[in-house]
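Undergrad: task: produce atomic coordinates for the following.
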Amino acid sequence: MKFTDILERRRAFIALGCILACTFAAAVFVTAWVCDDAYISFRTIDNFVNGYGLRWNTSQRVQVYTHPLWLFLLSPVYFITGEIYFSNIAVSIVFSCLAFGLLVFRISKSFLSTLFLGAAVAGSRAFIEFSTSGLEAPLTHVLIACFFIVYSGSGAGEIRRFKLLCFITALAALNRLDILLLFLPALIFRALDAYASAGSLKTTLKCMLLGFSPLVAWELFSLVYYGVPFPNTAYAKIFTGIGRGELVIQGFHYVYECFRHNLATVPVIMWAILIAAVHRDTRTVPAAAGILLYLAYVIYIGGDFMSGRFLTPPFFLAICVLSGHIVPRRAAEACVAGLIVLMMLVSVYEQKLLPPIENRHGIVNERLLYFRHTGLVYALSGKKMPSHRWAIEGAQKRRSLPAGEKRVLFTYSVGFFGFEAGPGYHLIEPYAITDPFLARLKATVRYLDRDTWRIGHFIRNIPPGYMESVRTGKCLIEDADKARLYDLIAIVTQGDIFSVKRLGAIWKLNTGSN
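TA: Here you go, the predicted structure:
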């Protein structure tokens, strides 16, 4: 092939990549929104920036957020702008476009492959929607792309590659701890290569420790500052009183719901696993094993109430896996033609094609639920965001609170309401997402007016005397066992950080010897 032909093909490839990237950016911009749950983290960011520490309620050290890295990324932006809505959307769009750019320009290997991948990404409603939303997905997708580039690349020494993979994995786990499962098989595979190259277990372990140092440092900080190694949401979802079998069934419902309403998401994931099983090459099999492991985890925990949210990481890794395989010309052309038809159908029949806001299994189309209250297209028309009634009620509560006064308030809404209500309110909610004491009580498994439960919303009964205990700072809980638990948690979350008494309470809380 002549040099001029190669140059022309290269130019065509770059032009195609630019067109797809611009199309993706436009799609993300038009669909940009923020969910209610994102404002739970935004309240912590607001308290952090305003000098209250990494806290949700200013009187307690509790890790309510599940994405430390994302929170630390948004915090300086919020500090500079003093505004969270547009700041978050801008950062989300930048990182989502970066992830797509890495996919198209660094991971994709051919012109046809780029066409196919672009069509597949556009066909995933979940991936497009959670490219904003205020949650950690955009940064997770960038880290997945970086991991795959290093993992499948050539030229670097195995030791250096393994150290860098460990570092990227540590950052991904800081962004959301369960992403470790997605990377684990590939990381083990490269660890064996590094051990074979170095010929020394000590050298391999040293590389792993250095690479994982950010995660180790955070876990140590979390244990000292918060008194526990994991986010409070993890504890709120452990003591549910719901059998594992029921949760697994719910997990299958979650995957099936995504399959029905997300077009490309689940089929692309399954296709990548099938390709790996057929080709059995060293680049795809460990990555596909990570996808399977992560899917098993999602099903095991019962999925999530946000439709498609937990499936965007394995979907993006599946796209990366498929990028290295030759895509037949007809398949690529069919995907592009299908994409054009899909865009036309969605533009005409969007409301009919979208899933219901909430199905009978409690799985919600969050963007459909909140878009008119937090959609960027509405914000650019001059509408104040968020415009949801919970945000309006929270702002009213903030205005009605006398300066310098602190109040305790019970609420079911902790996102929009909690952020707008401000640091003057200590909020107590029955889902125990933000409350370390309630998180360790067994859930009643009744959701509002239902006779059943809803995933991610496990309601606790508020023990008699608990609200008064929080208001007065003295334990007034009637039940003796719950009173001891309250005292223990009060020491951990409110006591002097380095006191001997608190260190003993941390040990008791984490070992269950209270």
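Undergrad: the residue nearest to Gly303 when sequence neighbours are not counted - how many residues pack around it?
TA: Leaving aside its chain neighbours, Gly303 sits nearest to Tyr254 (2.6 Å; criterion: CB to CB, 6 or more residues apart in numbering). Where C-beta positions appear, they are placed from N, C-alpha and C, glycine not excepted. For Tyr254, the count of nearby residues is 27 (other CB atoms under 10 Å).
Undergrad: contacts made by the host helix or strand of Tyr254 with the rest, please.
TA: In this structure, Tyr254 sits in helix 244-261 according to DSSP states H and E. Applying CB atoms under 8 Å, 6 or more residues apart in numbering, the external contacts of helix 244-261 come out as 125-126, 240, 265-267, 295, 298-304, 307-308, 310-311, 354-355, 359, 361, 363, 365, 455.
Undergrad: which of the residues you listed fall in helices?
TA: Under the assignment DSSP state H, the contacts of helix 244-261 contribute 125-126, 265-267, 295, 298-300 to helices.
Undergrad: closest to Ser75 out of those?
TA: In terms of CB to CB, no member of the ones in helices among the contacts of helix 244-261 lies closer to Ser75 than Ala126, at 26.8 Å.
Undergrad: Ala277 versus that closest one, what's the distance?
TA: With the distance defined as CB to CB, to the nearest Å, Ala126 ends up 24 Å from Ala277.
Undergrad: any idea which residue sits dead centre in the chain?
TA: Centroid check for the chain by CA atoms, centre = their mean gives Glu136 as the closest residue, at 4.4 Å.
Undergrad: and it, backbone torsions?
TA: Main-chain dihedrals, Glu136, degrees, to the nearest 10: phi -80, psi 0.
Undergrad: close enough to count as contact, it and His67?
TA: Yes: under the criterion of CB atoms under 8 Å, Glu136 makes contact with His67 at 3.7 Å.
Undergrad: can you give me the strands for the stretch 401-514 of the chain?
TA: 407-410, 425-428 (DSSP state E, counting those that start in this stretch).
Undergrad: report all helices and strands that the last one contacts.
TA: Looking back up the chat, that one is strand 425-428. strand 407-410, helix 416-421, helix 466-472 (3 or more CB pairs under 8 Å, 6 or more residues apart in numbering; DSSP states H and E).
Undergrad: and with 10 Å instead?
TA: Applying 3 or more CB pairs under 10 Å, 6 or more residues apart in numbering; DSSP states H and E, we find strand 425-428 packed against helix 389-400, strand 407-410, helix 416-421, helix 466-472.
Undergrad: care to break the chain down by domain?
TA: 3-229+237-353, 389-511 (automatic domain parsing).
Undergrad: most tightly packed of the ones you listed?
TA: domain 3-229+237-353 (a mean of 19; mean count of other CB atoms under 10 Å).
Undergrad: where in the stretch 251-400 of the chain is pLDDT low?
TA: 324-360 (pLDDT under 70).
Undergrad: at 80 instead, please
TA: Residue ranges of the stretch 251-400 of the chain with pLDDT under 80: 261-263, 281-283, 324-361.
Undergrad: so who does Val377 touch?
TA: 29-33, 371, 383 (CB atoms under 10 Å, 6 or more residues apart in numbering).
Undergrad: what about it? Give its phi and psi, please.
TA: The phi/psi pair for Val377 (degrees, to the nearest 10) reads phi -60, psi -30.
Undergrad: show me where the stretch 51-200 of the chain has its helices.
TA: For the stretch 51-200 of the chain, applying DSSP state H, counting those that start in this stretch gives helices covering 68-81, 85-102, 111-122, 125-129, 137-152, 158-175, 180-198.
Undergrad: wait, which of these is closest to Ile477?
TA: Short answer: helix 68-81, nearest of the helices of the stretch 51-200 of the chain by CB to CB, at 31.5 Å.
Undergrad: by contact count, what packs against that closest one?
TA: Counting by 3+ CB pairs under 10 Å, 6+ apart, helix 68-81 packs on helix 38-49, helix 85-102, helix 137-152, helix 158-175, helix 213-225.
Undergrad: will you turn those into TSV that also has mean pLDDT?
TA: Output for these, formatted as TSV (pLDDT from 0 to 100):
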stretch	mean pLDDT
helix 38-49	97
helix 85-102	95
helix 137-152	95
helix 158-175	94
helix 213-225	96
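Undergrad: of all these, which one is nearest Gly17?
TA: That would be helix 85-102 among those, by CB to CB, at 7.9 Å.
Undergrad: measure Thr81 to Ser75 for me?
TA: For Thr81 relative to Ser75 (CB to CB), the value is 11 Å.
Undergrad: same check, this time on Val470
TA: For Val470, the distance to Ser75 - CB to CB - is 27 Å.
Undergrad: do the same with Glu393
TA: 26 Å.
Undergrad: before we move on, what about Phe221?
TA: Distance from Phe221 to Ser75, counting by CB to CB: 15 Å.
Undergrad: before we move on, what about Ala391?
TA: Noted for Ala391: a distance of 21 Å to Ser75, by CB to CB.
Undergrad: what are the contacting residues of stretch 207-224?
TA: Identification of contacts with stretch 207-224 by CB under 10 Å, 6+ apart yields 54, 61, 63, 68-69, 72, 158-174, 177, 180, 187, 191, 194-195, 198, 228-231, 497-498, 502-503, 506, 510.
Undergrad: these two touch, right, Phe310 and Ala126?
TA: Yes: between Phe310 and Ala126 there is a contact under CB atoms under 10 Å: 9.1 Å.
Undergrad: returning to what we had before: wait, what's in contact with the residue nearest to the centre of the chain?
TA: For Glu136, the contact set (CB under 10 Å, 6+ apart) comprises 38, 41, 65-71, 73-74, 92, 95, 130, 143, 172, 174-176, 179, 313.
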